[in-house]
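Q: coords please:
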Amino acid sequence: MPKVDHYHKGMDFFSEDKLELAIEELEKAVEEDPKYGDALHALAMSYYHVGELEKAIERGEQFKGVEPGNIHAYTCLSMFYNAKGLIAKAEEMGATAAELGNR
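A: Next comes the predicted model:
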């Protein structure tokens with residue numbers, strides 16, 4: 001199955017709150033294309049929603065590396081770091097998101 005099909009299937013599962021199934025499909029999309037930004041973003045958010053903060057941060061950082069100008073990478077990471085109690089890092093990500101939003 002092509003990466004885009006895994007992505008869409010994963011998003012369908014995400015919208016149905018079937019997060020473990022969403023993660024499975026989104027991981028397949030990223031396995032096929034490690035630079036698939038939309039899938040990385042959705043995967044990071046899925047991990048966050050199931051409480052796997054380390055994996056959420058890992059995929060969020062990967063997303064930021066792939067799309068360094070994408071405000072969503074920084075807003076997500078700010079949320080993840082805040083949830084982990086890493087306030088300075090959360091504020092840093094939030095400031096970068098604000099800067100990107102003002103461009």
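Q: contact partners of the helix or strand of the chain with the lowest mean pLDDT?
A: Between all helices and strands in the chain, the lowest mean by mean pLDDT, DSSP states H and E belongs to helix 87-101, at a mean of 95. By C-beta atoms under 8 Å, 6 or more residues apart in numbering, the residues outside helix 87-101 that reach it are 69, 70, 71, 74, 75, 77, 78, 79, 80, 81, 82. Yep, even glycine has a C-beta here, placed from its N, CA and C like the rest.
Q: With pLDDT and neighbour count as new columns, can those residues be given to me in a markdown table?
A: A markdown table is the format used below for the contacts of helix 87-101 (pLDDT from 0 to 100; neighbours: other C-beta atoms under 10 Å):
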| residue | pLDDT | neighbour count |
| --- | --- | --- |
| 69 | 94 | 9 |
| 70 | 95 | 18 |
| 71 | 96 | 15 |
| 74 | 97 | 24 |
| 75 | 97 | 18 |
| 77 | 98 | 25 |
| 78 | 97 | 21 |
| 79 | 97 | 19 |
| 80 | 98 | 26 |
| 81 | 98 | 22 |
| 82 | 97 | 15 |
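Q: and the nearest residue to residue 10 once chain neighbours are set aside, how far is that from residue 63?
A: Distances taken as C-beta to C-beta, 6 or more residues apart in numbering put residue 25 closest to residue 10, at 3.4 Å, once the chain neighbours are dropped. Separation of residue 25 from residue 63 (C-beta to C-beta, to the nearest Å) stands at 17 Å.
Q: Looking at these two, which is more packed in?
A: Higher neighbour count among residue 25 and residue 63: residue 63, with 28 against 25, using other C-beta atoms under 10 Å.
Q: my read: the more buried one touches residue 42, true?
A: No. Counting by C-beta atoms under 8 Å, residue 63 sits too far from residue 42 to count as a contact (9.4 Å).
Q: Brilliant, that's me finished.
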